[in-house]
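Colleague: prediction below, plus the sequence it came from.
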Amino acid sequence: MENGFDWMQLINPEFYINLQIGGVPVGIYVVLFIVFAETGLFAGFFLPGDSLLFLAGIYSTELLSTVLVVEGDFINVFILALLVAVSGVVGNTFGYWFGAKSGTYLYAKEDSFWFKKKYLIQSHEFFEKHGGRAIIFARFLPIIRTFAPIIAGVVKMDKKKFMLYNIVSSVLWSFTLILAGHYLYELFINEFDIDLKKHIEKIIIGIVLITTVPLVLNAIKGNKVTEEEFKKEATDDDDNEKPGIFPN
């Protein structure tokens with residue numbers, strides 16, 4: 001930040017991790033907020049979730065030392081992953097509540113920079129295909145993970161069942177990515193003398209490509225209903241015993 005602010009930094013996870021305000025490191029708080037926002041606020045779909053957690057694993061010592069000094073490498077990264085998991089659980093819970101309270105409003109809402117109805121529709125299709133397991137699968141898919149808990153709230157998924165999938169998915173997501181980042185960093189620097197911190201851009205690009213492949217394949221596969229057809233199907237419950245997706 002010595003050379004001034006660059007708007008492109010907002011899509012760089014390393015910017016958030018190393019962020020300082022008045023010389024005070026605030027990366028850990030920013031990471032936890034981003035995890036909450038990406039999993040609980042529909043406006044958080046553009047935030048760097050997977051790459052952020054992977055890099056958080058690489059910078060785990062620096063991040064956690066801001067709030068807690070822990071002796072022991074494993075305990076350090078474990079606590080960080082646990083904090084992120086809790087933030088993910090809270091975020092998804094908020095998303096569920098928001099969907100349950102404002103489902104009709106969301107489907108009637110016009111598109112904006114912060115909200116894209118097509119993502120809501122795609123997430124609903126994903127939820128219909130995978131059922132409750134969609135909460136777990138969605139956690140590893142950008143955009144879908146933002147809208148999946150909202151859809152679960154819209155369709156009034158059983159709260160206890162949702163919380164079970166919510167907790168499991170948050171733990172799997174946070175621990176998998178953070179531990180992978182942490183121990184792959186150690187492996188590369190100890191075995192190959194390669195400092196992954198010097199290859200952050202390549203890592204981010206690689207993670208983005210890997211996590212977006214399923215979304216791209218899903219998009220080009222076809223068989224997608226149009227928005228008008230989706231609305232008609234969602235509200236038409238005359239010939240179906242099950243109610244439409246719009247809450248009464």
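Modeller: Thanks, I have the structure now.
Colleague: just the CA coordinates of the helix or strand containing Ile151, formatted as CSV?
Modeller: In this structure, Ile151 sits in helix 144-154 according to DSSP states H and E. Presented in CSV, the C-alpha positions along helix 144-154 are these (Å, rounded to 0.1, in the frame of the first residue of the first chain):
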residue,chain,number,x,y,z
ILE,A,144,-23.4,-21.0,-5.5
ARG,A,145,-22.2,-21.1,-1.8
THR,A,146,-23.5,-17.5,-1.4
PHE,A,147,-27.0,-18.3,-2.6
ALA,A,148,-27.4,-21.9,-1.4
PRO,A,149,-28.3,-21.1,2.2
ILE,A,150,-30.6,-18.4,1.0
ILE,A,151,-32.4,-20.9,-1.2
ALA,A,152,-32.6,-23.3,1.8
GLY,A,153,-34.4,-20.6,3.7
VAL,A,154,-36.7,-19.8,0.8
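Colleague: right, and the helix or strand after that helix?
Modeller: helix 159-191.
Colleague: ok, and for that following helix, which residues are buried?
Modeller: 162-163, 165-171, 173-179, 181-182, 185 (16 or more other CB atoms under 10 Å). Every residue, glycine included, has its C-beta placed from N, CA and C.
Colleague: helix 144-154 and that helix, what's the angle between them?
Modeller: Using axes from the mean of the first three to the mean of the last three CA atoms, to 10 degrees, one finds that helix 159-191 and helix 144-154 are set 170 degrees apart in direction.
Colleague: let me know the secondary structure of Asp111.
Modeller: What DSSP: H, G, I helix; E, B strand; the rest coil gives for Asp111 is coil.
Colleague: list the buried residues for the longest helix belonging to the chain?
Modeller: Among the segments of the chain that qualify as a helix by DSSP state H, the longest is helix 73-108. Buried residues in helix 73-108, counting neighbours by 16+ other CB under 10 Å, are found at 76-81, 83-96, 98-100, 102-103, 106-107.
Colleague: how many neighbouring residues does the closest residue to Tyr59 other than its chain neighbours have?
Modeller: The shortest distance from Tyr59 to any residue other than its chain neighbours is 5.2 Å, reached at Ile17 (CB to CB, 6 or more residues apart in numbering). The tally of other residues near Ile17 (other CB atoms under 10 Å) stands at 22.
Colleague: same thing with the one 10 residues further on?
Modeller: Look at Gly27: counted by other CB under 10 Å, it has 21 neighbours.
Colleague: that one contacts Glu62, correct?
Modeller: Yes - counting by CB atoms under 8 Å, Glu62 is a contact partner of Gly27 at 7.2 Å.
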